[in-house]
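Student: The sequence and its predicted three-dimensional model are supplied below.
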Amino acid sequence: MERRRFLKASVSTGAVAVGAGGLGALLDSIPAAASETSFDLETIGVVGSVQSATSEHLVVRTSSGDVEIIPTPGARMYSGASGETTTTRDFLIGDRVAAQGHMQEATLHATSIGSIFEPIEVVVTSVSPDGSIADTTLGPIELKAGRLPYSPASRQPEHCSADIKPRSLLQGLSWQNPASGERYLLVHTIAA
C-alpha cells in the first residue's frame, strides 16, 4: 500500500521569512564552530539534524560533530512541525535545522533556531471538488492557510485555494516531516 503524502500549503504573494531568521539552506556551507573556553562574541551559524530535543536545549549533529544548542531569552524559533514556538521541545528528531548565535565552550547560545525549508516547484494536475486538495506532480497537497513565521498580520497569507487550478505552477519552500514523511509547503507564487 502506497503511503499518501500531503503538503500543507500557505498561499502568499511576496517573500517568505523562513526558519531561523531567514537562514534556511544558506547556512549549509557554514561549519560548526570549534569549542571555545571564553565567550565568543562573533555570531556563527550551525546546520544539522536534531538528535535530541528537550524543553531547554537541542543536540544537533553537524558535519563536525554534535553541538548543544540553548536558546537565549527571546530567541526566535520556528519548527516546521509546530510553527513559531518558545520551546525547543517542538523540534522533531531528524529535523534539519539552522541556528545562529554565539559559542560558549561547546554550546551554541542561539538567538534564532529554525527548521530548514527547501525550494520546491510543482504543477497542479487537478483540484478536489471542494478545493481542499490539489493533486500535483509531487503528489497531493492539502490546501490550508497557514501563518508565515515572524511576519506582521498585514503580510499574512489569505486562504485562496480558489486561485489554484489545473496547470497552475506553485513555487515556494517546503519542509519534510522526518517522522511521517509528509511534506509541507509555504507557497509564495502561483502562476496560471
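Tutor: Perfect, thanks for sending it.

Student: switch to C-alpha atoms for all contacts and neighbour counts from now on
Tutor: OK.

Student: Just give the strands next to the longest strand along the chain in its sheet, each with its orientation.
Tutor: In the chain, taking DSSP state E as the definition, the longest strand is strand 65-79. Strand 65-79 sits in its sheet next to strand 58-62 (antiparallel), strand 83-85 (antiparallel), strand 107-115 (parallel), going by DSSP bridges.

Student: can I get the CA coordinates of the helix or strand following the second one in CSV?
Tutor: Just to be clear, that refers to strand 83-85. Moving toward the C-terminus from strand 83-85, the next helix or strand (DSSP states H and E) is strand 96-104. Only the C-alpha atoms of strand 96-104 are listed here, as CSV (Å, rounded to 0.1, in the frame of the first residue of the first chain):
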residue,chain,number,x,y,z
ARG,A,96,17.2,19.6,9.6
VAL,A,97,17.7,22.9,11.5
ALA,A,98,19.8,26.1,11.2
ALA,A,99,20.8,28.0,14.3
GLN,A,100,22.6,31.3,14.8
GLY,A,101,24.2,32.6,17.9
HIS,A,102,27.4,32.7,20.0
MET,A,103,29.6,29.8,21.1
GLN,A,104,30.5,29.5,24.8
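
Student: Which other helices and strands does strand 96-104 contact?
Tutor: Applying 3 or more Cα pairs under 8 Å, 6 or more residues apart in numbering; DSSP states H and E, one finds that strand 96-104 contacts strand 44-53, strand 107-115.

Student: Export those as TSV, with columns for distance to residue 75, mean pLDDT and mean neighbour count.
Tutor: Putting these into TSV (distance: least, Cα to Cα, whole Å; pLDDT from 0 to 100; neighbours: other Cα atoms under 10 Å) gives the following:
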stretch	distance to residue 75	mean pLDDT	mean neighbour count
strand 44-53	14	96	22
strand 107-115	4	96	26
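
Student: Looking at those strands, which is nearest to residue 126?
Tutor: strand 107-115 (29.6 Å; Cα to Cα).

Student: between the closest one and strand 44-53, how many degrees?
Tutor: In terms of direction (axes from the mean of the first three to the mean of the last three Cα atoms, to 10 degrees), strand 107-115 departs from strand 44-53 by 80 degrees.

Student: by how many degrees do strand 107-115 and strand 96-104 diverge?
Tutor: 160 degrees.

Student: Show me what the helix or strand following strand 107-115 is packed against.
Tutor: Later in the chain than strand 107-115, the nearest helix or strand by DSSP H and E is strand 118-127. Applying 3+ Cα pairs under 8 Å, 6+ apart, we find strand 118-127 packed against strand 133-136, strand 169-176.

Student: Quick check: next helix or strand after the longest one?
Tutor: It refers to strand 169-176. Next along from strand 169-176, by DSSP H and E: strand 183-191.

Student: same deal with the shortest one?
Tutor: Moving toward the C-terminus from strand 133-136, the first helix or strand encountered (DSSP H and E) is strand 139-143.
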